[in-house]
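Trainee: Quick one: sequence plus predicted model below, questions after.
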Amino acid sequence: MLTDSQVAEFNRNGFLNGGRVLDDTGVQELRDELKRVLDTGPEGFPEDGPRPVLFHNMVRDREPERCVWQIVNIWEVSGAYQRLIHHPFIVGAISQLTEADELMVWHDQIQYKPAGYGGVTSWHQDAPLWPIIRPMTPVSAWVALDDATVENGCMWMTPGSHRWGNQIEFLRTQAHLKQTEDFGRIEGFTPPDGNGAEKVAPRPWPVMAGEVSFHHSLTWHGSPFNRSQQPRRAIAMHYMTGESRFVASGQHVMKAFVDLPDGAPMNQAGAHFPRVMKNGKPAALAG
């Protein structure tokens, strides 16, 4: 479990390093599984069998010489990643940070920046990018499969920004920030009075291999180029609480897997959104 001081740190900053949750063997198993999936490729999975929901280079259009491999729902083709979304410490910590006793997986998301040409993940907030669920999915878990350092394009976080509301349109004006030396120079925003930090003060957020970092879905975050000779592999796992409802008017890659009327609870959305906690207890791993 997280300590009271860790929960207070998360509530204050909007992010928290929860410590190491995987040993070297566990990290290597996930690296090997990621390599297997990458070697299989986007077209290598059967149309009528398990496959990732999305598998592409997410920066190809704006940075053709760069790459950030994005794989959504790798857990659907890998037992190791399926076990990870059920990890008891991670699920328990999400429950503590959301004060929820029922949790489902919204989706997972590999983000892999190869050595030397890993691209930029621009400043953003998560929740505004997920318009088919409401209320917003509150907290995500991000597990590093390599040491994510300043040199190889670790995430940057902005303390207190989770209390500033939906600012995605402003953050889109900061897409010119790409290099490590410039990435924290966010300008043109004054935080609302009495809502967390009094100034915008981004900072790099290194996370070592096997550690889990938690962040609020409104926390401002992003990551610059990886120009180092070290890869930066990681997986984000996004969870929903039992309060989550389907918003039929929104658009998202996961919408294709939701067969529900508008306003229906997402805990009825089916196998693509597995329950990991019910009544405050971890849910059994299917199969």
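Mentor: It's in.

Trainee: what residue ranges in the protein are flagged as low confidence?
Mentor: 286-287 (pLDDT under 70).

Trainee: which residue lies farthest from the center of it?
Mentor: Distance from the centre of the chain peaks at Asp193, with 28.3 Å (Cα atoms, centre = their mean).

Trainee: Quickly note the distance from that one to Thr158.
Mentor: 17 Å (Cβ to Cβ, to the nearest Å). For every residue, glycine as well, the C-beta is placed using N, CA and C.

Trainee: returning to what we had before: from Asp39, how far off is the residue farthest from the centre of the chain?
Mentor: 52 Å.

Trainee: Which strand or helix spans the residue positioned nearest the centre of the chain?
Mentor: Nearest residue to the geometric centre of the chain (Cα atoms, centre = their mean): Ala236, 3.3 Å. Secondary structure from DSSP states H and E places Ala236 in strand 232-241.

Trainee: Show me the contact partners of the helix or strand following that strand.
Mentor: Proceeding N to C from strand 232-241, the next assigned helix or strand is strand 245-246, under DSSP H and E. Contact with strand 245-246 is made by 132-135, 258, 260-266, 269, as judged by Cβ atoms under 8 Å, 6 or more residues apart in numbering.

Trainee: I'd like the next helix or strand past strand 245-246.
Mentor: Next element after strand 245-246 (DSSP H and E): strand 275-278.

Trainee: Neighbouring strands - and their directions - for that next one?
Mentor: strand 103-113 (antiparallel), strand 281-282 (antiparallel) (DSSP bridges).

Trainee: how about the CA coordinates for the longest one, as PDB?
Mentor: The C-alpha coordinates for strand 103-113 follow below in PDB (Å, rounded to 0.1, in the frame of the first residue of the first chain):
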ATOM      1  CA  LEU A 103     -11.800  -0.600 -11.100                       C
ATOM      2  CA  MET A 104     -11.700  -1.600 -14.700                       C
ATOM      3  CA  VAL A 105      -9.000  -1.200 -17.400                       C
ATOM      4  CA  TRP A 106      -9.700   1.700 -19.800                       C
ATOM      5  CA  HIS A 107      -6.800   0.700 -21.900                       C
ATOM      6  CA  ASP A 108      -3.100   0.200 -21.800                       C
ATOM      7  CA  GLN A 109      -0.600   2.000 -24.000                       C
ATOM      8  CA  ILE A 110       3.000   1.100 -24.900                       C
ATOM      9  CA  GLN A 111       5.200   4.100 -25.700                       C
ATOM     10  CA  TYR A 112       8.600   3.100 -27.000                       C
ATOM     11  CA  LYS A 113      11.100   5.700 -28.100                       C
END
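
Trainee: before we move on, back to that, which of the strands paired with strand 275-278 is buried the deepest?
Mentor: Across the strands paired with strand 275-278, the average number of neighbours (mean count of other Cβ atoms under 10 Å) peaks for strand 103-113, which reaches a mean of 24.

Trainee: Run a quick neighbour tally on Ala148.
Mentor: 28 (other Cβ atoms under 10 Å).

Trainee: May I have the phi/psi pair for it?
Mentor: The phi/psi pair for Ala148 (degrees, to the nearest 10) reads phi -90, psi 110.

Trainee: go on, Glu63?
Mentor: According to degrees, to the nearest 10, Glu63 has phi -140, psi 70.

Trainee: got the contact list for it?
Mentor: 119-120.

Trainee: how near is it to Gly116?
Mentor: Distance from Glu63 to Gly116, by Cβ to Cβ: 13 Å.

Trainee: Next one: the residue nearest to Gln268 when sequence neighbours are not counted from Asn17, what distance?
Mentor: Spatial nearest neighbour of Gln268, excluding adjacent residues (Cβ to Cβ, 6 or more residues apart in numbering): Leu260 at 6.2 Å. Leu260 is 36 Å from Asn17, where distance means Cβ to Cβ.

Trainee: Of the two, which one has the most company?
Mentor: Asn17 (18 against 15).

Trainee: Need the nearest residue in space to the more buried one, chain neighbours excluded.
Mentor: Asn17 sits nearest to Ser213 (Cβ to Cβ, 6+ apart), 5.3 Å away.

Trainee: which residues touch the host helix or strand of the one you found?
Mentor: Per DSSP H and E: Ser213 is located in strand 211-216. Here strand 211-216 makes contact (Cβ under 8 Å, 6+ apart) with 10, 14-21, 89-90, 93-94, 97, 126, 138-144, 155, 157, 162, 205, 207, 221.
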